[in-house]
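1. Compute the structure for the input listed below.
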Amino acid sequence: MSKKNFVLVLALALLCCGSSAYAQRGPSTPDERKRAVEMATFLETNPLAKEAKDYRAKLLFFLAEVPDITVTLCTSILGESKRVKGDYEAELVTQLGYSQAKFIIENPDKAQDLGAEYLAGVEGVLRTWQAIKAIKPKAKFPLMDELLQKQQAGTLAEHVKAGAAGCK
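-> Sure thing, here's the model as predicted:
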């Protein structure tokens, strides 16, 4: 397993499952939630900024630490796993969880609506992909371009719902 893939798997495991080392911690504070939303939004619009790596790490540990924000991560909502490959793959896949967390924080009344959470995550990934393409127009990730087309055609929610059927 490459170092890049190992880091991605580790990040996803922490994001999904949390860490028992932090189990004694209380719920997130309003200031922490506000900051998490700010960082997730920043990453959607500035994914290649110099502070992006630091923000990703902070968000990862915040989400692993707090007991009151649980992200249900399922990459099949993007598409077949063999197709979730391309430039900036790690940044885009981890953004899925960060954008989902942003949705949960901003919409606590919909925190149990997995369909809405998944759709918000994919939309965040697409904003991130568009920001990357604006900076790096030669970047390649065919699946992201297809998802953008589905979004423009109004069929993204249908695609996400179909992909969610493969989630456990």
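
2. Buried by neighbour count: which residues of stretch 82-102 qualify?
-> The neighbour-count check on stretch 82-102 (16 or more other Cβ atoms under 10 Å) flags 84, 88-89, 91-102 as buried. The C-beta positions use only the backbone N, C-alpha and C, and glycine is treated the same way.

3. Provide a list of residues in contact with the most centrally placed residue in the chain.
-> What sits nearest the mean C-alpha location of the chain, by Cα atoms, centre = their mean, is Leu96, with 1.6 Å. Contact analysis of Leu96 by Cβ atoms under 8 Å, 6 or more residues apart in numbering lists Leu73, Thr75, Ile77, Leu78, Gly121, Val122, Gly124, Val125.

4. what about 6 Å?
-> Counting by Cβ atoms under 6 Å, 6 or more residues apart in numbering, Leu96 makes contact with Gly121, Val125.

5. And the pLDDT for it?
-> pLDDT for Leu96: 96.

6. again, but for Val7
-> Per the predicted model, pLDDT is 47 at Val7.

7. and the helix ranked longest in the chain, which residues are buried?
-> Across the chain, the helix with the greatest residue count (assigned by DSSP state H) is helix 114-135. Buried residues in helix 114-135, defined by neighbour count with 16+ other Cβ under 10 Å: 114, 116-129, 131-133.

8. Quick check: which ranges of this structure have low pLDDT?
-> For the chain, residues meeting the criterion pLDDT under 70 lie at 1-23.

9. hmm, 90 instead?
-> 1-25, 72-76, 79-85, 111-112, 166-168 (pLDDT under 90).

10. which residue ranges form the helices in it?
-> Secondary structure of the chain by DSSP H: the helices cover 3-17, 30-45, 52-65, 89-106, 114-135, 142-153, 156-164.

11. for the ones you listed, which one sits closest to Gln24?
-> Proximity of these to Gln24 was assessed by Cβ to Cβ; the nearest stretch is helix 52-65, lying at 10.2 Å.

12. Which strands and helices lie in contact with the closest one?
-> Where contact means 3 or more Cβ pairs under 6 Å, 6 or more residues apart in numbering; DSSP states H and E, helix 52-65 is packed against helix 3-17, helix 30-45.

13. now with 7 Å?
-> Applying 3 or more Cβ pairs under 7 Å, 6 or more residues apart in numbering; DSSP states H and E, one finds that helix 52-65 contacts helix 3-17, helix 30-45, helix 89-106.
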